[in-house]
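> Next one to model:
(chains A and B)
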2 protein chains.
Amino acid sequence: MDEFELIARYFSRVGADRPDVALGVGDDAALLRMPADADLAAAVDTIVAGRHFPLDADARSIGHRALAVNLSDLAAMGATPAWATLALTMPNAQADWLERFARGFSDLAYAHGVALVGGDTTAGPLTVSVQVMGHVPRGTALRRDGAHAGDLLVVTGTLGDSGAGLAIATHALSTADATASRELLERFEYPAPRVAFGSAARGLATAAMDLSDGLVGDLPKLAGASGLGARVDVERLPLSRSLQAVARPDQVRDWALAAGDDYELLLAVPPRHLESLTSRAGQLNLRLTVIGELGRGNAVNWMLDGAGFAPTVRGFDHFR
Amino acid sequence: MDEFELIARYFSRVGADRPDVALGVGDDAALLRMPADADLAAAVDTIVAGRHFPLDADARSIGHRALAVNLSDLAAMGATPAWATLALTMPNAQADWLERFARGFSDLAYAHGVALVGGDTTAGPLTVSVQVMGHVPRGTALRRDGAHAGDLLVVTGTLGDSGAGLAIATHALSTADATASRELLERFEYPAPRVAFGSAARGLATAAMDLSDGLVGDLPKLAGASGLGARVDVERLPLSRSLQAVARPDQVRDWALAAGDDYELLLAVPPRHLESLTSRAGQLNLRLTVIGELGRGNAVNWMLDGAGFAPTVRGFDHFR
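Numbering: from 1, shown residues only, chains lettered A, B, ... in the order given. Prediction:
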């Protein structure tokens, strides 16, 4: 099977059919129709075998994650995803691997109404680069630089689960609690980008970003972009029951602070909007937790039970 | 230097400044403003070390080519490029390599008015994936499927130079003709995407594609998309003086037919539009050559001096 047959077989009908795709996979470029009065939102993220996922990871999970990390970027802008392109580099073309990869990618794309509109398949070490494009009503996107002093720091869902899931996937952690193990592994392998909530937060949150590199690495970026400092009460970090069941509190805290790959959203929310935002989250069955607040200055102060706390872990950095 | 410092240092001001970039590099996603009544054109292409360029290639050439192959895709649609994202995977972060890579990318981006609006840098084997976005007045794009029987097959520039340039770069070919050698190497290392001509061909050509994989591999795709067959008169393929100076005619012909990487355009042109199109090409100092025509059926007939000819070479296929 040659490259073109491969692409045709597995990637010609991935994700949703959309009437705004004037021309999809198969020409030199895709032709797409933007709604009026909207900004185009575009993001790109790459995942590499042995770095962002274990070498023996299920291809269905790789396909899911490659798209999920990008949808999470659009969610953090409050944008609605519409189209994706896929640059897939792999050592060789195996039908069963491709079938599972395409299924993982396509199921998530379909769930979010995203069409795959272009791609490029090349031979080489396994590297998956996805770009997503979407739209957001002009001027309403959730940027990182819109926060004000006094805004509350709010996170969705729970933190640290994916870190524990990776530890389980790589056999660095074993547990007798099969239910917790399965839940944590699922959080790593099939993260759920907070797309619907990101849109719902427009007009209520003043800034947002997604937690891909871990709170310790990511929060200073949001605070810095807004020209602010922050205080975080580490004991308030939302932790799942499963996470707390599989490790000691200090390990749990490290994962929640810095393991990354949670793909939850971090938002800056004026206190007067917290109730409305919590209500919208509730309609999506999503938990919101206030973990601190933004203030003047440029330092991030980590507090644990009222005392200063120095995280010993740092955010994910691809060159360390 | 960590990943974020690297990105900030070399990629924060790459390419053109554009007023339609509401938010560029540095947030979760870029925010971009489309013109009214235009289709968004999007393409992605990846180049891999040791496969699409020699392992010891100059980083400036790698940066140029990674963008050029994508701009060529938009040129083939008649679209005007506007924005690009870059997913760069590399084994380690070396300042001098990055500086040259960024320069090659940025110089070409600037020349075409393209802004770099997003990126992702990861550690791993050298792989460069670029996505370009641009726009084209609604309904006017040059697709592959618009050709009619009787349309002439036209190519821009000359064919085969890049194949010879690669042979020189990899020391598979040596020549005493230093001028020819330099010109051919330049064609491989710094291909010029035919962006201005692609736009100029809207309304005159009925179909177009770019020659990235070689005429033997690419022409059947255009003919097939339009539901047609084709006849090519191989002796009419446009050959540069430099190419003819460095190799025997049969080798020259093989390069022109199938070496790929030319990034010239192949167009279907109704005979009544040939004169206008040639005039527009002349204004851009670009040579146009009629190499055959499209007709009914589904076969591509290669003719050499009036007799049937079977190319012994095939288009570039990443999995053979």
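> Below-threshold pLDDT in the stretch 1-150 of chain A: ranges please.
A:1-4, A:6-7 (pLDDT under 70).
> Walking through it, point out its helices one by one.
A:3-11, A:59-77, A:95-111 (DSSP state H, counting those that start in this stretch).
> Figure out which of those is closest to chain B.
With Cβ to the nearest Cβ as the criterion, chain B lies closest to helix A:59-77 of the helices of the stretch 1-150 of chain A, at 4.0 Å. Any C-beta I mention is one placed from the backbone N, CA and C, and that applies to glycine too.
> just checking, what packs against the closest one?
Applying 3 or more Cβ pairs under 8 Å, 6 or more residues apart in numbering or on different chains; DSSP states H and E, we find helix A:59-77 packed against strand A:38-48, strand A:80-90, helix A:95-111, strand A:127-137, helix A:178-189, helix A:195-200, strand A:207-210.
> Make CSV out of those and add mean neighbour count and distance to residue A:224.
As requested, those are exported to CSV (neighbours: other Cβ atoms under 10 Å in any protein chain shown; distance: least, Cβ to Cβ, whole Å):
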stretch, mean neighbour count, distance to residue A:224
strand A:38-48, 26, 20
strand A:80-90, 26, 27
helix A:95-111, 19, 31
strand A:127-137, 27, 23
helix A:178-189, 19, 28
helix A:195-200, 22, 21
strand A:207-210, 26, 11
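> Turn these into TSV, columns for distance to chain B.
Compiled in TSV, the helices and strands packed on helix A:59-77 are given as follows (distance: least, Cβ to the nearest Cβ, whole Å):
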stretch	distance to chain B
strand A:38-48	4
strand A:80-90	4
helix A:95-111	11
strand A:127-137	4
helix A:178-189	18
helix A:195-200	10
strand A:207-210	6
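> which stretch among those comes nearest residue B:25?
Closest to residue B:25 of these is strand A:38-48 (Cβ to Cβ; 10.8 Å).
> and the closest one with helix A:59-77, angle?
140 degrees (axes from the mean of the first three to the mean of the last three Cα atoms, to 10 degrees).
> what about residue A:12, neighbour count?
13 (other Cβ atoms under 10 Å in any protein chain shown).
> Now for it: which residues touch it?
Residue A:12 makes contact with A:25, A:26, according to Cβ atoms under 8 Å, 6 or more residues apart in numbering or on different chains.
> at 7 Å what do you get?
residue A:25 (Cβ atoms under 7 Å, 6 or more residues apart in numbering or on different chains).
> who in the stretch 101-250 of chain A is up against chain B?
A:117-125, A:127, A:129, A:131, A:133, A:141, A:143-144, A:209-210 (Cβ under 7 Å from any Cβ of the partner chain).
> 10 Å - rerun?
Residues of the stretch 101-250 of chain A lying close to chain B by Cβ under 10 Å from any Cβ of the partner chain are A:117-136, A:138-139, A:141-145, A:198, A:207-210, A:212-213, A:217, A:221-222, A:225.
> sorry, back to before: distance to residue A:14 for the helices and strands packed on helix A:59-77 - can I get that in CSV?
Formatted as CSV, those follow (distance: least, Cβ to Cβ, whole Å):
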stretch, distance to residue A:14
strand A:38-48, 17
strand A:80-90, 8
helix A:95-111, 4
strand A:127-137, 11
helix A:178-189, 19
helix A:195-200, 18
strand A:207-210, 23
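> closest one to residue B:269 among these?
Closest to residue B:269 of those, according to Cβ to Cβ: strand A:80-90, at 29.3 Å.
> and that closest one, which strands flank it?
Strand pairing for strand A:80-90, determined by DSSP bridges: strand A:115-123 (parallel), strand A:127-137 (antiparallel).
> any idea how far the shortest one is from the chain center?
Taking Cα atoms, centre = their mean, to the nearest Å, the mean C-alpha location of strand A:115-123 is offset from the chain mean by 21 Å.
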